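everything below, folded, please.
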Amino acid sequence: MRERGDGTAAGGHATEAASRFVTETTLADVPGTVRQAARHSILDGLGLALAGSRSLPGQIAQAEVASYGCAVEEASALGTSLRLPARFAAFVNGVAIHADDYDDTQLAVKPDRVYGLLTHPTAPVLPVALALTQVGHGTGADLLVSYLVGVEVETKVAEAIDPRHYDAGFHTTGTIGTLGAAAAAAKSLGFDVRQTCMALGIAASEAAGLRENFGTMTKPLHAGRAAENGLLAARLVGRGFTAARNALEARRGLFNAAGGGYDAETAEAFGRPWTFADPGVSIKPHPSGSLTHPAMTVLLDLLRENRVAPADIQEVRVGTNRHMPNALIHHDPHDPLAAKFSMEFCMAILCLEGRAGLAQFRQDVIERPEVRDMIGRVRFEVDPDAEAAGYNTMTSLVSVRLADGRVLAGRAAFAKGSPENPMTEGELRGKFLECAGVAGIASADAERAADLVLDVENQPDLDGIIGLLTPAPEGT
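Numbering: from 1, shown residues only. Next up, the predicted model:
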């Protein structure tokens, strides 16, 4: 495309289109099905913040921020009694939501985009909407609309940027998540189009995160920093800070510098349709990398339908397209974070325990002799049939060879929790209660909080929800 005098490709208006969408969208503009899906992901994200507050990366993040001795107490770090400046509350909650890799996942449409590898939409955005709604004494509806526009900007930009961005090693939850966080902050602060463009401009320069850090504490750090940086970008603009107003589409902007190009139509299609409507957002049934989930869904069905005992299993084979092993890089994991990005561990633990929840991704479980032995029986490889199915699915072929000579086989392009096979509201509540229990939240309080979140747009403030998600001080 030709360049204009400002270095922007002719016809490219992505930054302004995003900014107009953020400033002009009201909750009345959002279809009911989209609001419902958003409520489900908000409930999921709040639960994960609670569980993640007890994780090691979550606790390190809390300790670091607490050491600053901040006198300003604007917003809550969920699952704790900490009240922090908004930017640090967003940071701590962002780390916590992504700490267990149990959070929701954007899906892809275009064949050259890798399904399930675009971004985790809630982790960078919800902490910002949550913190600034508390600062502004806003309503549940304010939280919901800020979260919705932030996620929509994040997901459309993630799908628009050339796939080279992800293939070369950028982690979109950290990079593009920063833009979603800035969009949510701009909405919460009531910015106009010019201010929102500048907030996105600052966020584009802050965007960072490398996939080489998958399986380490730095992966959830990406989400926390994206949330903090997006909020900081907007607050700086509110004080008069400036930035380029075309930082996405400019020749020296994010799309070209970090991706080598972008799809202009997608980059300006905010809300047409909403990503929550099509292709949807997947909510995880297991705290592991989303690319493990189709194979886990197939294996769990095979084991249950055929009543297979661990001693019966001689070998498990998993075949996928070539992109999936590039993310599932830990073939012999020895710590819980690496296990989340190990197809071998995820399949092995299902073979042994028939479940893979938070309790299974622990150090003592990973090092058990029978787990080490079962990991050795799993073969993970690229399969031509899965490769031919395209990259906009997570096609996984699973076969289980038994001691009696039988071979059980199945395949799936989508996992449990995807729009094609969604979790029920009851299953979502069950996951939320599991996560709340990890943080020491009483089940009755968690149930009441879930009721309020699932009716969030009718809440006059967030005090009731936050209060229920704050554990009682020890010793009381």
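
for the spatially most central residue of the chain, give me the pLDDT.
Residue closest to the average C-alpha location in the chain (Cα atoms, centre = their mean): His120, at 2.3 Å. Per-residue pLDDT puts His120 at 95.

ok, Arg377 next?
Arg377 carries a pLDDT value of 97.

the one 5 residues further on now?
Among the per-residue scores, Val382 holds a pLDDT of 95.

need phi/psi at it.
phi -80, psi 130 (degrees, to the nearest 10).

show me what it bridges to in the sheet.
Under DSSP bridges, the beta-bridge partners of Val382 are Thr320.

gap between it and Val34?
36 Å (Cβ to Cβ, to the nearest Å). To be clear about C-beta, it is placed using only N, CA and C from the backbone, and glycine gets the same treatment.

neighbour count winner among those two?
Val34 (20 against 13; other Cβ atoms under 10 Å).

before we move on, the earlier item: mind listing what the residue nearest to the centre of the chain touches?
Counting by Cβ atoms under 8 Å, 6 or more residues apart in numbering, His120 touches 98, 103-106, 173, 177, 223.

what about those residues, which one has the most neighbours?
Greatest neighbour count in these, by other Cβ under 10 Å, goes to Gly177: 36 neighbours.

from what I can see that residue touches Ala123, true?
Yes: contact criterion Cβ atoms under 8 Å: Gly177 and Ala123 qualify, at 6.9 Å.

now the common contact residues for these two.
Residues within reach of Gly177 and of Ala123 at once, by Cβ under 8 Å, 6+ apart, are 223, 226-227.

need the pLDDT of the closest residue to Pro422 other than its chain neighbours.
Leaving aside its sequence neighbours, Pro422 sits nearest to Ile283 (Cβ to Cβ, 6 or more residues apart in numbering; 7.6 Å). Looking at Ile283, its pLDDT is 95.

Ile283: neighbour count?
Neighbouring residues of Ile283 were enumerated by other Cβ under 10 Å; the total is 25.

returning to that earlier point: nearest to Leu210, out of the contacts of His120: which one, please.
Thr173 (11.4 Å; Cβ to Cβ).

need phi/psi at that closest one.
Dihedral pair for Thr173: phi -60, psi -30, per degrees, to the nearest 10.

ok, Ala412 next?
When read as degrees, to the nearest 10, the backbone of Ala412 gives phi -150, psi 140.

next, work out how far apart the closest residue to it other than its chain neighbours and Phe170 are.
Counting by Cβ to Cβ, 6+ apart, the nearest residue to Ala412 once its immediate chain neighbours are dropped is Pro294, at 4.2 Å. To Phe170, Pro294 is 24 Å away according to Cβ to Cβ.

so these two - more neighbours on which side?
Pro294 (29 against 21).

that older thread, may I see the contacts of His120 organised as CSV, with pLDDT, distance to Gly238 and secondary structure added?
Shown next, in CSV, are these (pLDDT from 0 to 100; distance: Cβ to Cβ, whole Å; DSSP: H, G, I helix; E, B strand; the rest coil):
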residue, pLDDT, distance to Gly238, secondary structure
His98, 97, 27, helix
Asp103, 96, 28, coil
Asp104, 96, 29, coil
Thr105, 91, 32, strand
Gln106, 91, 28, strand
Thr173, 96, 25, helix
Gly177, 98, 21, helix
Ala223, 98, 23, helix
